[in-house]
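Peer 1: below is the sequence, then the predicted model.
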Amino acid sequence: MTARKLQPKWIAVGLLAALVAQCLLGMRSNAPTSDEQNHIARGYHYLVTGDPDLNMAPPFVNLLSAVPLLLRNGIIVPTYDRTHVRTYMDQFAAEFVWAYNDAETVVNSGRLAIVLISVVVACFCYRWAAELWGAQAGLLALFLYVFDPNILAHSQLVTTDLGVAGMAFIATYFLWRFLRWRRNRDLALAGLLLGLAQASKQSALLLVPIFAVVLLVEGFLIRDARLIGRWPGRQRFSQGRWRPALYFCSVVFLALLVLAFLSFWACYRFETGPLSPPKSTHAGVDRFITDPRLRVLAYRVVENIRIPVPTYLRGLGWLKRYTARGAPNFLMGQFSRKGWWYYFLVALAIKTPVATLALLGLSIGPSLRSKPGKRPGAGQREYVLYIAVCAFLGSMLFSTLNIGYRHILPVLPFLFVLASKSIVWAHRRWRQVVLGALCLWLVVAALQIFPHYLAYFNELIGGPGNGYKYLVDSNLDWGQDLKGLKAYMHRHGIESVYLAYFGNAHNIDYYELEALPMPTAQPVGLESRPPEHYAISATYLQIGDLSNLQAYSWLRAYEPMAKIGYSIFLYQLPEVKGDGP
């Protein structure tokens, strides 16, 4: 193999190394975020006990994040009362991470697995773009992935967001390969990864209709001559206008579902059992049957009915109830529990790097130009990318859980591959200069925000310093900057603060932060008191303590003396002109 052929691969290796370096260096600055303790604790519990009781969410990514802990000695798993599982989930996680083990050791070990998942997803970004438009396009897609602050933020957190995005993307990639080359091994991999996506997060259910639409487009619109594969019963469907397409869609979709269910069920260790625990089952029977003897018989019948993955189905029920209750949502100064249909469109516009948005715009021209008489995207099956992007973004228009850009993370790898087509546009020297300038802009944006990737906002709103005016919660503030607050206090000789912290309260004790509860209303006689320090998370500053919108609102009248990682605002009150760090 010549040096010229090796060069793109070595560049790709260098970019992957840059991804790992940014993640490893960044995670050292971040305190454990709000959700991480639950994900890693439940994953480790399931990994070592095989008991799914504590896993309301699908376990696959959590299991992977727990694997590095197997290499550490002395990890202790607390016991719990099985009759109080639902109320014990959060308590179990808190005890596992903060009481029985060292929190940073546990959380940072789990983060290593997420970094590895991110590296794998990055490889498939390169591979898909390279197979579509050449090695240079592959490098561009990989470059966009490696220096995207949102990807970097979630590549170093123990949550399911990056995992489900990766599984969905890779599964779709193998479906695309199958459609293009008709190799059954690609079909098998697509099905297995479809199942792993379902075992990563409930939102991956959207992937099932996406695959169905892709197959319908392939069968009834593209109508490739290879629709009839070497599958059983093909002779009966080889003739006619629509019968081959119907046969193709049915057989392929059925194969995908069967393989997906097998890999999905395997993640649950082929669990079977009753849908509801005995107490819930008895309560349901009691509502319909009054005769005591019939009740006893009904109890026995219902308790003996066993179904696959009851834990997953109970998790879906929990998610439905949680969605119905709603969550506090904030957007550009407004508050709602029902959300806004345009929330994620705004989030995409102001948290996606401008360079990436520009490259997406430049890729449109080559995509619109197709050869006369040929369906756009028919040969290379680009339509698979468009369907996935439209489906993921379209579904977000109906979401009432407007709590984070992370919910549209699955669309990013598809956008990077589409944006890489701009390499086709850059065939002239001046266009190559434009392309290089946009790439440089992206690198500068990633370096400037390091290590506070979660708080990234683009230049359209003036950068991360203004982000809290538009979005809060996991878009910006997930409790990650408490270590930064502690370091700032140490540097400037601040002994204690009044604190309203949007994160795990265990962090405060773990990092030995001297803090008093922040008063929700302005203290009486504040202006006549000696100067004191007040620290508040951006989420609480904007929407109160989630139950009282006016809580802490009195602080908005003051200017902070410092912003810790863009998510914690520090005040010295009463304000002393010319004084303070």
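Peer 2: Looks like it came in fine. Small disclaimer: the values here were computed from a predicted structure and weren't measured.

Peer 1: average pLDDT for stretch 513-523?
Peer 2: Per-residue pLDDT values over stretch 513-523 give a mean of 93.

Peer 1: that one: which residues count as buried?
Peer 2: Residues of stretch 513-523 classed as buried by neighbour count (16 or more other C-beta atoms under 10 Å): L513, A515, M518, P519. C-beta coordinates here come from the backbone N, C-alpha and C atoms, glycine included.

Peer 1: ok, those vs Q198, which is closest?
Peer 2: Set against Q198, the nearest of the buried residues of stretch 513-523 by C-beta to C-beta is L513 (40.3 Å).

Peer 1: surely the closest one is in a helix?
Peer 2: No: using DSSP: H, G, I helix; E, B strand; the rest coil, the secondary structure at L513 is coil, not a helix.

Peer 1: okay, now the residue nearest to it when sequence neighbours are not counted: neighbour count?
Peer 2: Nearest non-adjacent residue to L513, counting by C-beta to C-beta, 6 or more residues apart in numbering: K486, 5.4 Å away. Look at K486: counted by other C-beta atoms under 10 Å, it has 20 neighbours.

Peer 1: before we move on, what about S420?
Peer 2: So S420, with other C-beta under 10 Å, has 30 neighbours.

Peer 1: that one contacts A135, doesn't it?
Peer 2: No: look at S420 against A135 with C-beta atoms under 8 Å: they stay out of range, at 10.7 Å.

Peer 1: wasn't the residue nearest to L513 part of a strand?
Peer 2: No: counting by three-state DSSP, K486 is not part of a strand but helix.

Peer 1: check what pLDDT it gets.
Peer 2: For K486, the predicted pLDDT is 96.

Peer 1: how near is it to L499?
Peer 2: To L499, K486 is 11 Å away according to C-beta to C-beta, to the nearest Å.

Peer 1: mutual contacts of those two, please.
Peer 2: L513 (C-beta atoms under 8 Å, 6 or more residues apart in numbering).

Peer 1: for this structure, give me the ranges with low pLDDT.
Peer 2: 1-6, 81-88, 225, 229-230, 233-240, 275-291, 293, 295-304, 367-379, 576-581 (pLDDT under 70).

Peer 1: domains of it?
Peer 2: 3-268+332-443, 272-325, 475-573 (automatic domain parsing).

Peer 1: could you export these as CSV, including distance to F457?
Peer 2: Output for the domains of the chain, formatted as CSV (distance: least, C-beta to C-beta, whole Å):
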stretch, distance to F457
domain 3-268+332-443, 6
domain 272-325, 27
domain 475-573, 8
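
Peer 1: closest to I461 out of the ones you listed?
Peer 2: Across the domains of the chain, closest to I461 is domain 3-268+332-443 (C-beta to C-beta), at 5.1 Å.

Peer 1: so where do the strands sit in this structure?
Peer 2: Secondary structure of the chain (DSSP state E): strands at 272-273, 307-308, 329-331, 334-336, 497-500, 515-517, 532-537, 562-564, 568-573.

Peer 1: adding distance to G465, write those strands out as a markdown table.
Peer 2: Shown next, in a markdown table, are those (distance: least, C-beta to C-beta, whole Å):
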| stretch | distance to G465 |
| --- | --- |
| strand 272-273 | 52 |
| strand 307-308 | 50 |
| strand 329-331 | 17 |
| strand 334-336 | 21 |
| strand 497-500 | 20 |
| strand 515-517 | 25 |
| strand 532-537 | 16 |
| strand 562-564 | 7 |
| strand 568-573 | 11 |
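
Peer 1: which residues of the stretch 401-550 of the chain fall in helices?
Peer 2: 411-419, 422-425, 429-449, 482-491, 505-510, 538-543 (DSSP state H, counting those that start in this stretch).

Peer 1: swap that for the stretch 151-300 of the chain, please
Peer 2: So, for the stretch 151-300 of the chain - with DSSP H, counting those that start in this stretch - the helices run 161-181, 184-198, 207-216, 243-267, 278-286, 292-304.

Peer 1: next, the buried residues of the third one.
Peer 2: If you call a residue buried by 16+ other C-beta under 10 Å, then helix 207-216 has these buried ones: L207, I210, F211, V214, L215.

Peer 1: what packs against that helix?
Peer 2: Applying 3 or more C-beta pairs under 8 Å, 6 or more residues apart in numbering; DSSP states H and E, we find helix 207-216 packed against helix 161-181, helix 184-198, helix 243-267, helix 383-396.

Peer 1: how far off centre is the last one?
Peer 2: Using C-alpha atoms, centre = their mean, to the nearest Å, we find the averaged C-alpha position of helix 383-396 to lie 16 Å away from the chain's own average C-alpha position.

Peer 1: what angle do that helix and helix 411-419 make?
Peer 2: With axes from the mean of the first three to the mean of the last three C-alpha atoms, to 10 degrees applied, the angle from helix 383-396 to helix 411-419 works out at 140 degrees.

Peer 1: ok, and what's touching helix 383-396?
Peer 2: 172, 175-176, 179, 206, 209-210, 213-214, 217, 222, 343-345, 348, 376-377, 407-408, 410-411, 414-415, 417-418.

Peer 1: give the ChimeraX command for selecting the buried subset of the residues you listed.
Peer 2: The buried residues among the contacts of helix 383-396 can be selected in ChimeraX (16+ other C-beta under 10 Å) with this line:
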select :172,175,176,179,206,210,214,217,222,343,344,348,377,407,408,410,411,414,415,417,418
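
Peer 1: what sits up against stretch 403-412?
Peer 2: With C-beta under 8 Å, 6+ apart, stretch 403-412 has contacts from 145, 148, 150-151, 154, 159, 161-162, 164-165, 168-169, 203, 327, 329, 344, 347-348, 351-352, 388-389, 392-393, 396, 399, 401, 471, 473-475.
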